[in-house]
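# would you be able to build a 3D model of this:
(chains A and B)
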Amino acid sequence: MLARGDLYKLVRAVAGTREAEIGCDECFDQMDRLAEIEVSGSDATTAMPLVHDHLRNCEDCHEAYEFLLKATRWP
Amino acid sequence: MRRRTNEQWLTELRGPDPDEALADLYDLLVGGLKAALGGLADANIEDFAQEALLKITRNLDSFRGESRFTTWAKKIAMNVALTELKRSRWRDVSLQDLLDRRAATGRGMEDPQPTTEQVALQNMVRAELRDIIDEDLTARQREAIVAVILEGMPIAEVATRMGTNQNALYKLLHDARKKLKRRMEAAGLPPQEVLAAFESG
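Next up, the predicted model:
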């Protein structure tokens, strides 16, 4: 049922889990601010740790954030 | 395009003659979408920008001023585009098909020759996780884990199929991950250490 690739994905997801995490709505509310912090060259990890954590755990929000970073750097 | 402060954007878009601000914002959204999506959706960029423009002008009151107005607006546009792209990419995939296909094909041990110690650790972790999944997780948590974590289906798409929303499904998955983490720790298999062992293999 759980081949090695599955096992790795699951353990990686569990290892990144924290007791308190924000949800997708809260992440979305704050990701524009985080994008500006990152584009300005500041450390996004320490500036907004809960949003940063969420982005590591949520592929959907991570993808949206990566696109937003590109859009923020333009023009 | 004329540079505007956040306040100027809001005043003009709410004012009696918003056309110039609307046209500038539209151009900004089209440019931002092109920069972000590359060639992913050239044919739909203008539709995405138009839909985003509507959402933005209808929701000006929800802008809290914590970023530049233009960054906030681009965020709305990215969300419109990604929601549509994901919907289109996963349109023909039902959750049940995904689960059935997985059950039917099994999953191969595709990795090259792990060492004996690694095999022993994998077997231990696999047995523990299987127990936790069977005993502690709800059927909905199991479905979500398979679809999102193992199969890589977008949370938003899984949420739609499970009759919930992205935020609620994330919380359901978070609860499941917390259960798995606690049980792994209690079993003497701290997930960080197990992950490090897997990655060194």
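
# residue contacts, B:D27?
B:M1 (C-beta atoms under 8 Å, 6 or more residues apart in numbering or on different chains). Every C-beta, even on glycine, is put in place using the N, C-alpha and C of the backbone.

# low pLDDT regions in the chain?
Just so you know, I chose chain A. A:1 (pLDDT under 70).

# try chain B instead
B:105-114, B:201.

# got the domain boundaries for it?
For chain B, automatic domain parsing gives the domain ranges B:6-89, B:95-200.

# return the distance of the last one from the chain's centre.
Going by C-alpha atoms, centre = their mean, to the nearest Å, the spacing between the C-alpha centre of domain B:95-200 and its chain's C-alpha centre is 17 Å.

# and the domains of chain B: which comes nearest A:G5?
For these, proximity to A:G5 was assessed by C-beta to C-beta; domain B:95-200 is nearest, at 6.5 Å.

# please see if that closest one touches chain A.
Yes - contact of domain B:95-200 with chain A (C-beta under 8 Å from any C-beta of the partner chain) involves B:106-111, B:114, B:122, B:125-126, B:129-130, B:145, B:148-150, B:152, B:154-156, B:166-167, B:170-171, B:174, B:177-178, B:180-181, B:184, B:191-192, B:194-195, B:198.

# what sits against the most centrally placed residue in chain A?
In chain A, the centroid-proximal residue (C-alpha atoms, centre = their mean) is A:L55; its distance is 1.0 Å. For A:L55, the contact set (C-beta under 8 Å, 6+ apart) comprises A:27, A:31, A:61-62, A:65.

# got it, and B:L129?
Shown in contact with B:L129 (C-beta under 8 Å, 6+ apart): A:2, A:7, A:10-11, B:180, B:184.

# 6 Å instead, please
Taking C-beta atoms under 6 Å, 6 or more residues apart in numbering or on different chains, we find B:L129 in contact with no residue.

# helix or strand: which one has it?
Following DSSP states H and E, one finds B:L129 within helix B:116-136.

# buried set for the helix or strand following that helix?
Using DSSP H and E, the next helix or strand after helix B:116-136 towards the C-terminus is helix B:139-144. By neighbour count on 16 or more other C-beta atoms under 10 Å in any protein chain shown, the buried set for helix B:139-144 is B:141, B:143-144.

# wait, which of these is closest to A:S40?
Of all those, A:S40 sits closest to B:A144, with 36.1 Å by C-beta to C-beta.

# how much space between B:R101 and chain A?
Distance, B:R101 to chain A, by C-beta to the nearest C-beta, to the nearest Å: 14 Å.

# list buried residues within the residues of domain B:95-200 next to chain A.
B:122, B:125-126, B:129, B:145, B:148-150, B:154-156, B:166-167, B:170, B:174, B:177, B:180-181, B:184, B:191, B:194-195, B:198.

# related to what we said a few turns ago, what would the contacts of A:L55 look like in TSV with secondary structure?
TSV is the format used below for the contacts of A:L55 (DSSP: H, G, I helix; E, B strand; the rest coil):
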residue	secondary structure
A:C27	helix
A:M31	helix
A:C61	helix
A:H62	helix
A:Y65	helix
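
# if anything else comes up later, I'll come back, but that's it for now.
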